[in-house]
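*Asks:* How does the following fold in three dimensions:
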Amino acid sequence: MEKKFEDSIQYYWIRNLVGTPFLFSANLFITLVFGLLYSFRVVYSDIILIFFGMITSIVYIVLCYHLISNNLRIKIMLRLPEWFFQKKKSRMLMVMDSLVIVSLVAILFFDIFNNLVMRIMVTVFVPLFSLIILRILYMVYPKE
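*Replies:* Numbers count the residues shown, from 1 in each chain. Okay, here's the model as predicted:
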C-alpha cells in the first residue's frame, strides 16, 4: 500500500508553515524581524545566523522540492524541466542548494566576507524567498 503525499511528514510541515494566511504571515514576520535584527547587528548572535540563515532556509528548500516532485499540476503550470520530477536528480539539486546555503552561512560565520549586504541576503532574502515560493507551491497544490 503506497502512502499518499498528504499523509507524509513533509506535507504536515508544509501545512503548518504556510497552510493558512495567518501561519504564513507569522513565519514571514518572524523570519523578517530576526533576519533584520541580525543583519543590522542589533542582536549579533551566531544562533540567529545558524537557525534563520541556514536551518530554516534548508527546511524551506527541502519542502519546496518535495512539493514540486509530488505535484503534476506544478509540472503542467510552471513547465519546469523534467529532471525536477525525477527523484535522484531532484535530490541532487536539493543537496546542491543546501550546500550553497551552508557555504554562504560559513562565509559569514568565519568572517570571510561579513558585510551588511551579505548578512541581509543570507538571513532575510533567502529564507523569505524560499518561504514565499513554498506558499505559492502550496496554493497550487490540489486540496482534497
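*Asks:* Would you tell me which helix is longest in this protein?
*Replies:* helix 87-109 (DSSP state H).
*Asks:* quick one: contacts of that one?
*Replies:* Applying Cβ atoms under 8 Å, 6 or more residues apart in numbering, the external contacts of helix 87-109 come out as 46, 49-50, 53-54, 57-58, 61-62, 65, 68-69, 83-84, 112-114, 118-119, 121-122, 126. Any C-beta I mention is one placed from the backbone N, CA and C, and that applies to glycine too.
*Asks:* switch to 6 Å and redo it
*Replies:* Identification of contacts with helix 87-109 by Cβ atoms under 6 Å, 6 or more residues apart in numbering yields 53-54, 57-58, 61-62, 65, 69, 83-84, 113-114, 122.
*Asks:* repeat for stretch 42-62
*Replies:* Looking at what lies outside stretch 42-62 - Cβ under 6 Å, 6+ apart - the contacts are 34-35, 37-38, 94, 97-98, 101, 105, 122-123, 126-127, 130-131, 134.
*Asks:* Can you get me the start-to-end distance on it?
*Replies:* This stretch, stretch 42-62, spans 30 Å end to end (Cα to Cα, to the nearest Å).
*Asks:* element containing the residue nearest the centre of the chain, please.
*Replies:* Centroid-nearest residue in the chain: Y60, 2.3 Å away (criterion: Cα atoms, centre = their mean). Here Y60, judged by DSSP states H and E, is contained in helix 56-69.
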